[in-house]
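1. Structure of the sequence below:
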Amino acid sequence: MTTFDTSRTSVEIASQPVTWTRAARSVGQYTDVLPRRGERVAVIGCGTSWFMAHAYAQLRESGGHGETDAFAASEFPLGRRYDRVVALTRSGTTTEVIDLLAKLKGAVATTALTADPATPVMTVADHAVVLDYADEESVVQTRFATTALVLLRAHLEAEGALAAGVRPLGRAIRDAQRALDRPLGPEVSHAEQFTFLGTGWTYGLALEAALKMREAAGAWTEAYPAMEYRHGPISITGPGRVTWLFGGAPQGLADDVARVGGHFHSASADAPDALDPLADLIVAQRLAVRIAAAHGYDPDRPRNLTRSVILGPTAA
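-> Okay, the predicted model is just below:
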């Protein structure tokens with residue numbers, strides 16, 4: 001890490017190769033409580049956890065493991081039938097997640113991935129996977145979210161359900177270490193605006209990268225499916241602005257960004273030094289911390305945010 005990376009968030013970001021390795025090695029312990037091949041599954045969360053749910057849902061369905069939907073917990077369709085609901089919740093206390101799991105109790109099998117075993121989610125979910133080694137002190141989520149996705153991805157890999165083009169986790173973990181050393185040049189660290197793009201499972205990563213930049217640095221960020229970029233979002237691209245792509249680039253996209261004067265970042269495409277898209281998210285996390293520091297913000301204590309959203313009884 002460089003000298004500006006002194007926050008607790010930076011320490012947690014840097015630990016991801018270790019937590020990913022531990023999650024990948026532990027997946028065999030949870031086979032009975034994770035989605036089974038052919039089950040119709042919904043994955044829920046709030047904020048960062050919702051975006052990881054989106055990424056996993058796309059990975060699972062595209063790998064042929066079973067039909068999978070992702071929802072913000074507050075938007076779950078209670079009348080729809082599922083074989084299992086998977087909840088991602090770092091804190092284990094988020095009101096929308098706890099309320100939904102309580103409503104589903106006895107009607108559908110539920111599994112929660114959480115960081116804290118001393119929280120209400122342990123009793124409202126049928127099963128719990130505790131990733132306490134990936135818990136965080138920072139309000140801004142980094143390693144818990146990615147480690148939860150690594151565990152779910154490891155399960156798909158063990159089941160032979162990785163879609164074409166998705167790298168084995170061993171390589172992704174090596175890429176995570178490389179991501180910690182990637183330079184953050186002035187073309188990104190001094191940019192005034194960021195548009196994050198993805199396709200399939202990497203669209204969830206694009207949403208998460210944009211959220212990290214807003215949370216930690218108060219940056220102007222947007223996120224879209226890559227093919228939607230030319231249907232409007234390109235209008236804000238120009239000098240001093242970045243288009244950041246997770247995964248392979250649609251034909252002509254890089255040329256379109258260059259034509260309007262923007263900077264095109266694609267570290268997770270087909271270049272020899274390409275990173276796994278999840279590892280490239282680490283680069284975006286590091287960038288969020290750098291920009292926060294440059295503006296005098298504390299990434300560990302972002303403005304207007306708390307570790308968990310717990311609503312009072314009158315906050316319907």
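2. Contact partners for the residue nearest the centre of the chain?
-> Geometric centre of the chain, nearest residue: residue 52, 4.0 Å, by Cα atoms, centre = their mean. Applying Cβ atoms under 8 Å, 6 or more residues apart in numbering to residue 52 gives the contacts 45, 88, 145, 146, 148, 149, 204, 208. Just so you know, the C-beta spots here come from the backbone N, C-alpha and C atoms, and that holds for glycine as well.
3. just the residues you listed now: which is nearest residue 74?
-> Within the contacts of residue 52, proximity to residue 74 (Cβ to Cβ) peaks at residue 45, which comes in at 10.6 Å.
4. Give me the nearest residue to the closest one, chain neighbours excluded.
-> Distances taken as Cβ to Cβ, 6 or more residues apart in numbering put residue 88 closest to residue 45, at 4.0 Å, once the chain neighbours are dropped.
5. quick one: contacts for that neighbour?
-> By Cβ under 8 Å, 6+ apart, the contact list for residue 88 reads 43, 44, 45, 49, 50, 52, 53, 112, 113, 145, 148.
6. Dump the residues you listed to TSV, plus pLDDT, secondary structure and distance to residue 132.
-> Shown next, in TSV, are the contacts of residue 88 (pLDDT from 0 to 100; DSSP: H, G, I helix; E, B strand; the rest coil; distance: Cβ to Cβ, whole Å):
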residue	pLDDT	secondary structure	distance to residue 132
43	98	strand	21
44	98	strand	21
45	97	strand	18
49	97	helix	16
50	98	helix	22
52	98	helix	17
53	98	helix	20
112	98	strand	13
113	98	strand	11
145	97	helix	15
148	98	helix	12
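7. Out of these, who's the most crowded?
-> Counting neighbours by other Cβ atoms under 10 Å, residue 113 comes out on top of those with 35 neighbours.
8. pretty sure that one contacts residue 129?
-> Yes - judged on Cβ atoms under 8 Å, residue 113 makes contact with residue 129 at a distance of 4.7 Å.
9. which residues do the two both contact?
-> With contacts defined as Cβ under 8 Å, 6+ apart, the residues shared by residue 113 and residue 129 are residue 151.
10. In three-state terms, label residue 161 for me.
-> Assigned state for residue 161: coil (three-state reduction, DSSP: H, G, I helix; E, B strand; the rest coil).
11. burial count for it?
-> Counted with other Cβ under 10 Å, residues neighbouring residue 161 total 20.
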